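> predicted structure and sequence below. I'll ask about it afterward.
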Amino acid sequence: MSQIYDRVALIGLGLIASSMYWAIKRAGLAGEVTGYARSEATRDTARRIGLCDRVCDTAQEAVEGADLVVLCVPVGAMGAVAKDIAPALKPGATVSDVGSVKRHVIQDVGPHIPEGVHFVPAHPLAGTEHSGPESGFAELFDNRWCLLVPVEGSDPDATARLRALWEGMGSNVDEMDADHHDLVLAVTSHAPHLIAYTMVGVADDLGRVTDSEVIKYSAAGFRDFTRIAASDPTMWRDVFLTNKDATLEILGRFTEELFALQRAIRTGDGQHLFDYFTRTRAIRRGIIDAGQDTDAPDFGRVKAKS
Ligand code: NAP
């Protein structure tokens with residue numbers, strides 16, 4: 001794979017930025033990658049583990065001379081970071097981000113992008129429940145989707161170059177409008193996370209009553225909820241605060257369906273339950289056929305030794 005940018009700056013050095021760094025290095029996609037994180041502790045860790053070719057003490061220093069700047073901070077922090085770096089951006093540079101919500105980021109970041117600088121928002125649909133500079137790995141984006149969300153006036157060449165970077169990092173790339181993105185993600189990611197947080201919270205309340213039986217005997221379904229519910233609290237707080245309308249719309253539909261299933265259980269309507277579960281099983285088959293998950297039992301997890 002050949003070099004796509006001379007210099008890339010990663011602002012925020014957590015799971016996504018560190019994975020980007022290792023993926024960029026794996027394929028030789030940039031001449032130099034600079035990095036900045038707001039805390040000295042994170043910058044020290046980055047220097048210790050060799051994350052970024054150069055770790056800078058200010059965001060402005062990191063973006064100076066960069067051809068691509070990627071904002072990798074929580075969604076609620078994007079606007080302030082964009083305002084901070086704006087005066088140091090190189091004319092002709094591209095600013096992108098990896099935020100999980102797009103309309104809000106566009107509204108917060110867009111006004112700070114100077115004339116002559118391109119803005120191409122993006123969202124890699126890849127992650128784990130871990131966070132911080134040491135959680136990243138080069139394979140995170142392999143065979144995962146990255147959605148580019150060009151704004152009005154986004155330069156097609158800048159968008160094409162960013163696409164090449166994400167493809168070079170292993171992703172499949174698609175383009176999508178911001179509102180559509182936020183609705184799709186509310187269904188596929190945001191609402192499921194909220195449901196997992198709720199289920200683990202309910203189980204925790206029970207656990208207190210039954211002396212941790214919930215943890216001791218936790219079966220696969222619940223364990224998967226606990227993994228999702230271990231995701232970063234700051235990131236997820238920001239997702240719900242900034243994708244409010246779409247998430248509330250999906251949760252409204254979810255509660256209606258839940259009530260219908262609750263009613264079927266109460267009235268003994270086995271046909272309703274059977275038909276519903278048959279329909280949902282077919283969705284799982286579709287995900288496997290699309291190559292987005294494995295057919296191995298128990299989600300392909302290697303069994304922990306008991
Ligand atoms: P992370 O591992 O928690 O890292 C976040 C980074 O942002 C850290 O370097 C942190 O700096 C910095 N930061 C936090 N608050 C900040 C603030 N107020 N101002 C400036 N910097 C701040 O997060 P991540 O998982 O990489 O997520 C980064 C972005 O990617 C988020 O927008 C998220 O929505 C998106 N995303 C995440 C996933 C996922 O599964 N995790 C997937 C796709 C997209 P310090 O370390 O110095 O505190």
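Great, that's in hand. Please read all numbers here as calculations on a predicted model, not as lab measurements.
> list the buried residues in stretch 246-263.
By neighbour count on 16 or more other CB atoms under 10 Å, the buried set for stretch 246-263 is 246-247, 250-251. (Glycine included, C-beta is placed from N, CA and C.)
> closest one of the residues you listed to the ligand?
Taking CB to the nearest ligand atom as the measure, the ligand sits nearest to Thr247 out of the buried residues of stretch 246-263, at 13.7 Å.
> what helix or strand is that closest one on?
When secondary structure is defined by DSSP states H and E, Thr247 falls within helix 244-267.
> and that helix, C-alpha only, in CSV?
As requested, the backbone C-alpha atoms of helix 244-267 are provided in CSV (Å, rounded to 0.1, in the frame of the first residue of the first chain):
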residue,chain,number,x,y,z
LYS,A,244,-31.2,12.4,21.3
ASP,A,245,-34.0,12.4,18.8
ALA,A,246,-33.1,9.3,16.8
THR,A,247,-32.4,7.3,20.1
LEU,A,248,-35.7,8.4,21.6
GLU,A,249,-37.5,7.5,18.4
ILE,A,250,-36.0,4.0,18.4
LEU,A,251,-36.6,3.5,22.2
GLY,A,252,-40.2,4.4,21.7
ARG,A,253,-40.6,1.7,19.1
PHE,A,254,-38.6,-0.7,21.3
THR,A,255,-40.9,-0.2,24.3
GLU,A,256,-44.0,-0.7,22.1
GLU,A,257,-42.6,-4.1,20.9
LEU,A,258,-41.6,-5.0,24.4
PHE,A,259,-45.1,-4.4,25.7
ALA,A,260,-46.5,-6.5,22.9
LEU,A,261,-44.2,-9.4,23.8
GLN,A,262,-44.9,-8.9,27.5
ARG,A,263,-48.6,-9.1,26.7
ALA,A,264,-48.0,-12.3,24.6
ILE,A,265,-46.3,-13.9,27.6
ARG,A,266,-49.1,-12.8,30.0
THR,A,267,-51.9,-14.1,27.7
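> send me stretch 2-22 as PDB with only the CA atoms.
Coordinates of each C-alpha in stretch 2-22 appear next as PDB, following Å, rounded to 0.1, in the frame of the first residue of the first chain:
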ATOM      1  CA  SER A   2       1.400   3.400  -0.900                       C
ATOM      2  CA  GLN A   3       1.500   6.600   1.200                       C
ATOM      3  CA  ILE A   4      -1.700   8.700   1.100                       C
ATOM      4  CA  TYR A   5      -0.800  11.600   3.300                       C
ATOM      5  CA  ASP A   6       2.600  13.200   4.100                       C
ATOM      6  CA  ARG A   7       1.500  14.000   7.600                       C
ATOM      7  CA  VAL A   8      -1.500  12.900   9.700                       C
ATOM      8  CA  ALA A   9      -2.400  14.400  13.100                       C
ATOM      9  CA  LEU A  10      -4.500  12.400  15.600                       C
ATOM     10  CA  ILE A  11      -6.200  14.500  18.300                       C
ATOM     11  CA  GLY A  12      -7.200  12.400  21.300                       C
ATOM     12  CA  LEU A  13      -5.200   9.200  21.800                       C
ATOM     13  CA  GLY A  14      -7.700   6.500  22.900                       C
ATOM     14  CA  LEU A  15      -8.900   3.300  21.400                       C
ATOM     15  CA  ILE A  16      -9.800   4.600  17.900                       C
ATOM     16  CA  ALA A  17      -6.800   6.900  17.500                       C
ATOM     17  CA  SER A  18      -4.300   4.300  18.700                       C
ATOM     18  CA  SER A  19      -5.900   1.700  16.400                       C
ATOM     19  CA  MET A  20      -5.600   4.200  13.500                       C
ATOM     20  CA  TYR A  21      -2.000   4.800  14.200                       C
ATOM     21  CA  TRP A  22      -1.100   1.000  14.200                       C
END
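> show me what the helix or strand where Ser96 lies is packed against.
When secondary structure is defined using DSSP H and E, the element that contains Ser96 is strand 94-97. Packing partners of strand 94-97 (3 or more CB pairs under 8 Å, 6 or more residues apart in numbering; DSSP states H and E): strand 68-71, helix 103-109, strand 118-119, helix 156-168.
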